[in-house]
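>>> Sharing a sequence plus its predicted fold:
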Amino acid sequence: MTKHFKFKSAVNHSYWLDTVPQRDPFPTLKADISADIAIIGGGFVGLWSALNARERFPDAKIVILEGDKCGAAASGRNGGFCAPSISHGISNAKARWPEEAESLVRLGRENLDGLEADLNNYGIDAEFERKGKLNLAAKPWQVDSLRAMQQSYHEFGVEAQYLDPSDLTGFLNSPAYLAGLFEPNYATVNPMKIVEGLCSVTAKSGTEIYENSRVNDLKNQANSILLTTDNGSVIAKKVIVGTNAAVPIIRQLKSKVIPIFDYTLVTEPLSQSELESIGWEQRYGIADAGNQFHYSRKTADNRILWGGYDAIYHYGSNQSKKLYNRDESFARLEEHFFEVFPSLADIGFSHAWGGVIDTSARTTFFSGTLYDDKVAYASGFTGQGVSASRFAALTMLDHLENKKTESSQLRMHNAYAVPFPPEPIRYMGVKWAQHDLAKEDLTGKRSLLLKTLDQLGIGFNS
């Protein structure tokens, strides 16, 4: 007998799209124009760059060129977790950049404060809630990982509360988890409300936004950069590239990131009694400690967003839009959801969708410049771009101004970004690493391959 999955009744687009008013698209570029600053990409990176560029250069002509609709890619398809980190967490900073880990931790926390301040100052209601994050252990060895995480947090003065089984029930009542670690300084947002809010603010400031204006070519000229679209062109003095998971317009970046597909379900709204049945009455986000991990959070109307676990790489870095919907991943997510929350067996799902993570081999973003500092880029956020994109935007502007600031001089994002090998080695290597990560989740034992990658400063997670 064929099992009936509830996700089959869900709509296949991002829940966040239904939370913002539909607007008329910005115009398509259909002329040859010039600009002081041209920004390629209308997601988080491009929009934060435009906002901050206007603050620094109030009289500059600034244009944004977006190939689809602003926020149509990763910026509008993520879970809305807003981390106080630019380094993919404290443990990652400590392991990979120990000499500047203290600075990375501090800058990450300051960036989250700055993001909240920007939203408030510009009147952007993005449902920003700094209610914390609950990290969960489902296996005994993951309990050890949470203990180690708590120690790292303590070392850097970051508040975190370890929760044994009796304490955990006050945060979440689920048969799936053994222990937890609660960190209060963590936020969630509605990502499409950030996108639409930034679009509105930047457009009102005089920045020109062009949608459905994909940049097909970037050419270096004597004192400018020429950007070509299907129907027009821009000659710009400076260019910011914020295309992330999209096929890079810059040849040098094509092997530095790979697209990893991630999938998400959202439930129907839960009643207060249903929330009480799972012990989740506050509004913190949740993630478990596995390599193949789930993340979950509440929406403004008390739905549960439930995503993660599968991380799918398609041969040849294929990003076909048909891959945004994957029944196999949705089915696995649904099964896991009801294993974690058996008391919610009667709940249905309203939305099911996929998105692409721009994954770097170092698990953090990297940045730099080309063509005598006329072009700045940032990419490879590896699932942490909701907050780190703002920091990257500020860093790229420092690069374009040739400013020697603390952020622009960080070794973390200026260090060499290890490229992924060509196909078919790339595909086989990703599958091998994923196999070993899944095995570690089952056994608690790290393979020789993963240990070797650790020693080389190479990782594969989100």
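Nice, thanks for sending it over.

>>> now the helices: where do they sit in this structure?
Under the criterion DSSP state H, helices of the chain are mapped to 44-56, 90-96, 101-121, 140-155, 165-168, 191-204, 272-277, 327-340, 385-400, 411-414, 425-443, 448-455.

>>> I'd like to know how far Phe182 sits from Thr264.
From Phe182 over to Thr264 the distance is 23 Å, taken as C-beta to C-beta, to the nearest Å. C-beta here means a position set from N, CA and C on the backbone, and glycine is covered the same way.

>>> ok so, going back, with mean pLDDT and distance to Ala246 as added columns, please give the helices of the chain in a markdown table.
Output for the helices of the chain, formatted as a markdown table (pLDDT from 0 to 100; distance: least, C-beta to C-beta, whole Å):
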| stretch | mean pLDDT | distance to Ala246 |
| --- | --- | --- |
| helix 44-56 | 98 | 11 |
| helix 90-96 | 91 | 25 |
| helix 101-121 | 98 | 23 |
| helix 140-155 | 96 | 33 |
| helix 165-168 | 96 | 40 |
| helix 191-204 | 98 | 16 |
| helix 272-277 | 96 | 38 |
| helix 327-340 | 98 | 21 |
| helix 385-400 | 97 | 13 |
| helix 411-414 | 86 | 19 |
| helix 425-443 | 95 | 18 |
| helix 448-455 | 90 | 26 |
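
>>> Tabulate those in JSON lines, adding columns for mean neighbour count and distance to Ser14.
Formatted as JSON lines, these follow (neighbours: other C-beta atoms under 10 Å; distance: least, C-beta to C-beta, whole Å):
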{"stretch": "helix 44-56", "mean neighbour count": "24", "distance to Ser14": "14"}
{"stretch": "helix 90-96", "mean neighbour count": "20", "distance to Ser14": "27"}
{"stretch": "helix 101-121", "mean neighbour count": "18", "distance to Ser14": "20"}
{"stretch": "helix 140-155", "mean neighbour count": "16", "distance to Ser14": "30"}
{"stretch": "helix 165-168", "mean neighbour count": "13", "distance to Ser14": "31"}
{"stretch": "helix 191-204", "mean neighbour count": "22", "distance to Ser14": "7"}
{"stretch": "helix 272-277", "mean neighbour count": "13", "distance to Ser14": "23"}
{"stretch": "helix 327-340", "mean neighbour count": "17", "distance to Ser14": "14"}
{"stretch": "helix 385-400", "mean neighbour count": "25", "distance to Ser14": "14"}
{"stretch": "helix 411-414", "mean neighbour count": "19", "distance to Ser14": "28"}
{"stretch": "helix 425-443", "mean neighbour count": "16", "distance to Ser14": "25"}
{"stretch": "helix 448-455", "mean neighbour count": "13", "distance to Ser14": "32"}
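
>>> Quick one: closest of those to Arg77.
Comparison of the helices of the chain against Arg77 by C-beta to C-beta identifies helix 191-204 as nearest, at 8.0 Å.

>>> Please list the residues outside that closest one that contact it.
By C-beta atoms under 8 Å, 6 or more residues apart in numbering, the residues outside helix 191-204 that reach it are 14, 16-17, 19-21, 23, 26, 42-44, 47-48, 50-51, 54, 62, 64, 70-71, 75-78, 80, 119, 122-127, 209, 386.

>>> Mind checking which of those residues are in strands?
The strands, defined by DSSP state E, take in Ile62, Ile64, Ile209 from the contacts of helix 191-204.

>>> got a list of what the last one touches?
Residues touching Ile209, when contacts are defined by C-beta under 8 Å, 6+ apart, comprise Phe26, Gly42, Val63, Ile64, Glu66, Cys70, Cys199, Thr202, Ala203.

>>> ok, it to Pro269 distance?
33 Å.

>>> Repeat that for Leu453.
Taking C-beta to C-beta, one finds Leu453 at 42 Å from Pro269.

>>> and if you look at Thr228?
Distance from Thr228 to Pro269, by C-beta to C-beta: 47 Å.

>>> Asn318 too?
Distance, Asn318 to Pro269, by C-beta to C-beta: 35 Å.

>>> So these two - more neighbours on which side?
Per other C-beta atoms under 10 Å, whichever of Asn318 and Pro269 has more neighbours is Pro269, with 15 against 11.

>>> circling back to that earlier point, just the buried ones among the contacts of helix 191-204, please.
14, 16-17, 19, 26, 42-44, 47-48, 50-51, 54, 62, 64, 70-71, 75-78, 80, 119, 124, 126-127, 209, 386 (16 or more other C-beta atoms under 10 Å).

>>> check contacts around Ala50.
Ile39, Ile62, Ile64, Leu198, Thr202, Thr207.

>>> which one of those residues is nearest Ile425?
Ile39 (34.2 Å).

>>> Tell me which two of the contacts of Ala50 sit farthest apart.
Ile62 and Leu198 (12.9 Å).

>>> What degree of burial does the closest residue to Ala352 other than its chain neighbours show, as a neighbour count?
The shortest distance from Ala352 to any non-neighbouring residue, by C-beta to C-beta, 6 or more residues apart in numbering, is to Ala10 (4.1 Å). Residues lying near Ala10 (other C-beta under 10 Å) number 21.
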